[in-house]
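# show me how the following folds:
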Amino acid sequence: MFRFIALALAAMLSAAVHAQPLTKIVFGTNWYAQAEHGGFYQAIAEGIYRRHGLDVTIRMGGPQVNGLQLLLAGQMDLFMGYDIQTLKGIEQGLPLVTVAATFQKDPAVIISHPGVAKLDDLKGRPIAISSASDTTFWPWLRAQYGFSDAQKRPYAFSVQPFLVDKSLSMQGYVTSEPYSVEKGGVKPVVFLLADQGYPPYAQTIVATRDTLAKNGDAVKRFIQATAEGWKSYLANPAPGNALIRKDNPQMPDDLLAFGLDKMKAYGIVTGGDA
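Reported below is the predicted structural model:
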């Protein structure tokens, strides 16, 4: 009899917990949906966020989306940021806080044609670099390897200039551009800058001080659920990939598989202090 009452009370308490309204969180990513966002999508697909009391909406980024501006305007609760970008915002007095990092290594790479043995060999050679990289890894390359601004060429967010010019190297992400280069018929030499000593974390989770003050517990639950989502995605990406393709129908299956394979091979998520 007492056991029956105890079980009934436990069931009532569990139902009461699940009856509580979910906390809504809008999370903004830094680009179109891709394998690099897999853990977040997996946490939605597998109901992990909901089990942590959260109703999470992913707002996809892109080249015309200023995520930090939307975060500061209150249109997002959390944003997928980047160490150096966030530090520069704090220097300007913006109330930003990095609360977690999902990538233990920055996936930024320099891609070269066959025949280049080491990163030092690129000193003095042309490298296609975006303007954004002027404030991230390029100053580090200048300081560590003696690269100069005279080497820089405009980065067109395309691998075509690289494919037609065998003297040119280019920036990229280890999870994406090497795939396109291989599709173009070139087996690239890939230098992951993190493995050369480039120190930042990447794909950080950024909040405002106001969000942390008002909703810190929900942020904590989001981080925990996201960690579980990444663990699940690395083991079986199919549920997360289905949602990625829903948000980004142009994403091919083989690129998703390539991205996941490279994240595993280089320890992007599971390396370092993870």
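# the helix or strand containing Val219: what's the following helix or strand?
Using DSSP states H and E, Val219 maps to helix 209-235. Next in sequence after helix 209-235, counting helices and strands by DSSP H and E, comes helix 238-247.
# pLDDT weak spots in the stretch 1-150 of the chain?
1-19 (pLDDT under 70).
# how about the strands in it?
23-28, 54-59, 78-81, 96-103, 108-112, 127-129 (DSSP state E, counting those that start in this stretch).
# out of the ones you listed, nearest to Ala43?
strand 54-59 (7.1 Å; C-beta to C-beta). The C-beta positions use only the backbone N, C-alpha and C, and glycine is treated the same way.
# what residues does the closest one touch?
Contacts with strand 54-59, where a contact means C-beta atoms under 8 Å, 6 or more residues apart in numbering, come from 22-29, 33, 37, 40-41, 43-44, 49, 70, 76, 218, 221-222, 225, 247.
# got it, and stretch 121-132?
Counting by C-beta under 8 Å, 6+ apart, residues outside stretch 121-132 touching it are 110, 112, 116, 138, 145-148, 151-157, 161-162, 165, 167-171.
# that stretch: which residues count as buried?
Within stretch 121-132, the residues that count as buried by 16 or more other C-beta atoms under 10 Å are 122, 126-129.
# swap in stretch 137-145?
For stretch 137-145, using 16+ other C-beta under 10 Å, the buried residues are 137-138, 140-141, 145.
# chain center to that stretch, what's the gap?
Its chain's C-alpha centre and that of stretch 137-145 lie 22 Å apart, by C-alpha atoms, centre = their mean, to the nearest Å.
# now that stretch - C-alpha only, PDB.
The C-alpha coordinates for stretch 137-145 follow below in PDB (Å, rounded to 0.1, in the frame of the first residue of the first chain):
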ATOM      1  CA  PHE A 137      44.300  34.600 -37.900                       C
ATOM      2  CA  TRP A 138      46.200  36.800 -40.300                       C
ATOM      3  CA  PRO A 139      47.900  38.900 -37.600                       C
ATOM      4  CA  TRP A 140      48.900  35.600 -36.000                       C
ATOM      5  CA  LEU A 141      50.400  34.300 -39.300                       C
ATOM      6  CA  ARG A 142      52.300  37.500 -39.700                       C
ATOM      7  CA  ALA A 143      53.800  37.300 -36.100                       C
ATOM      8  CA  GLN A 144      54.500  33.500 -36.100                       C
ATOM      9  CA  TYR A 145      55.500  32.900 -39.700                       C
END
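# and the contacts of that stretch?
106, 108, 119-120, 122-123, 129, 147-149, 152, 171, 193, 196-198.
# select only the buried ones of the residues you listed in ChimeraX?
Burial among the contacts of stretch 137-145 is assessed by 16+ other C-beta under 10 Å; the matching ChimeraX selection reads:
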select :106,108,119,122,129,147,152,171,193,196,198
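# of the contacts of stretch 137-145, closest to Ser180?
Gln171 (13.0 Å).
# does Met251 touch Glu36 like I think?
No: counting by C-beta atoms under 8 Å, Met251 sits too far from Glu36 to count as a contact (11.0 Å).
# higher neighbour count, those two?
Glu36 (28 against 18; other C-beta atoms under 10 Å).
# could you count how many residues lie near Val116?
17.
# got it, and Gln20?
Residues near Gln20, counting by other C-beta under 10 Å: 8.
# show me the contacts for it.
Contacts of Gln20 by C-beta under 8 Å, 6+ apart are Gly53.
# OK, contacts around the residue lying closest to Ala43 once chain neighbours are set aside?
Spatially, and ignoring its direct neighbours in sequence, Ala43 is nearest to Gly229 (2.9 Å; C-beta to C-beta, 6 or more residues apart in numbering). Going by C-beta under 8 Å, 6+ apart, Gly229 touches 39-44, 46, 48-49, 240.
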